[in-house]
Each structure stands twice: as C-alpha cells, then as structure tokens.
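J.: Provided below for reference: sequence and predicted model.
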Amino acid sequence: MTLLHSWLPIRRVALHRAGIFALALLTAAGLACAADDEEAPWLEKATEAPKTFSIDKLQTFTVSQTSNLVYGIDPETLTVGEDWVVRYVMVARSASGAQNVFYEGIRCQSAEVKTYARWDNNRSAWNTPSNAEWKPLSLSGATRPATILAMEGLCNGKSINGNPRKMLATLKTGMYLQR
C-alpha cells in the first residue's frame with residue numbers, strides 16, 4: 001500500500017501539467033482560429049478607364065422624375081473586379097444633347113462610390129483626378145445617380161447583385177422593385 005501512495009503525488013503533478021499543457025494548446029488554437037476569422041484589410045486593385053465606350057446602347061435608369069437629365073450606363077463597360085468593385089461608364093445627357101461621361105466604381109459592401117475619370121469631349125480623352133476618393137452613397141447630392149444605380153440593380157444590400165448580365169437584367173426588368 002505504501003508503494004501506491006508514493007506514486008499519487010507524482011501522478012497528480014503529471015495530470016496537473018498535462019491539464020495545463022492541454023489548456024495552453026486549446027488557447028493557442030483558439031487564438032489561431034480567431035486570427036483566421038479576421039478579414040484582411042480591403043485593397044483596391046489598380047484600374048484604368050475603358051479605352052472605348054458607347055453612348056448608343058445605354059442602359060438607362062431614372063434618377064429623379066423631375067430631372068431634365070437622362071442617365072444611363074454603357075453595358076459593355078460594366079464589370080466586377082477582383083476587389084469586388086462594380087465599375088462602369090455612366091452618361092448624363094440633357095435634353096439639348098449636352099452630356100457628361102464618368103468612369104465610376106461602386107463598393108456595395110461599404111456603400112461607397114468613386115469617380116475614376118471624367119470624359120473630356122474637347123480632347124476625346126479621360127481626365128483622371130489625382131485625388132479621387134471613395135464617397136458615401138447618398139440619395140441627395142452628387143452621388144445620387146450612383147446610389148440609384150446601386151439600389152436598382154448593381155447591389156443587393158451590401159452584396160454585389162451577381163454578374164454584369166444579371167445586373168443589367170435587373171436594371172432592365174425592374175426586378176429590384178420586388179425585393
């Protein structure tokens with residue numbers, strides 16, 4: 001009986017150490033899983049304005065019933081980048097024929113828009129601002145057209161509304177009204 005009792009303290013110490021070791025492993029594994037769950041910071045991919053665009057086959061959308069401008073995007077320029085930015089060429093045309101053309105991107109996840117370039121009709125070239133920045137989408141002000149475009153077909157809440165074909169179909173059929 002003495003032999004059994006002499007091993008008890010050693011066995012308790014061994015079990016205690018094994019428990020501490022197991023707890024340390026579980027803690028380390030938990031921290032590793034938490035680190036894996038954290039998203040890497042979003043990085044925007046470099047982009048250039050399209051070399052060509054067409055104003056003949058615009059996919060139009062209504063920004064305001066009282067606006068004199070007709071808005072549309074060139075379907076051939078609608079893309080979804082690897083960085084999950086939906087990019088397109090948008091045209092705003094007045095009744096007199098004057099037009100403004102923009103190359104823009106929308107981030108559905110953060111509800112932001114960025115104007116990458118503006119078309120200069122006099123030079124037939126894009127003007128690219130050096131200080132282009134992301135702006136919050138809003139139903140008032142300069143971002144209203146992009147906001148309406150995002151709501152009517154490019155975004156589905158904070159997600160991208162599928163591929164460009166689906167986005168164009170949604171814009172065309174007005175399916176966004178049924179969401």
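T.: In hand now; what should we look at? Numbering: from 1, shown residues only.

J.: domains of the protein?
T.: 1-38, 59-178 (automatic domain parsing).

J.: among those, which is the most enclosed?
T.: Of those, the one with the most neighbours on average (mean count of other C-beta atoms under 10 Å) is domain 59-178, at a mean of 16. Using the backbone N, CA and C atoms, a C-beta is placed for each residue, glycine as well.

J.: relative to Arg107, how far out is Glu133?
T.: 12 Å (C-beta to C-beta, to the nearest Å).

J.: what sits in contact with each of the two?
T.: By C-beta atoms under 8 Å, 6 or more residues apart in numbering, Glu133 and Arg107 have these common neighbours: Lys114.

J.: contacting residues around Cys155?
T.: So Cys155 contacts 86, 106, 108, 111, 161 (C-beta under 8 Å, 6+ apart).

J.: between these, which is nearest Ser96?
T.: Ile106 (28.4 Å; C-beta to C-beta).

J.: nearest residue to the residue nearest the centre of the chain in space, please, no chain neighbours.
T.: The chain has Arg107 as the residue nearest its centroid, 2.8 Å off, counting by C-alpha atoms, centre = their mean. Excluding its sequence neighbours, the residue lying closest to Arg107 (C-beta to C-beta, 6 or more residues apart in numbering) is Val85, at 5.6 Å.

J.: pretty sure the one you found sits against Gln109.
T.: No. With contact defined as C-beta atoms under 8 Å, Val85 does not reach Gln109; the gap is 9.5 Å.
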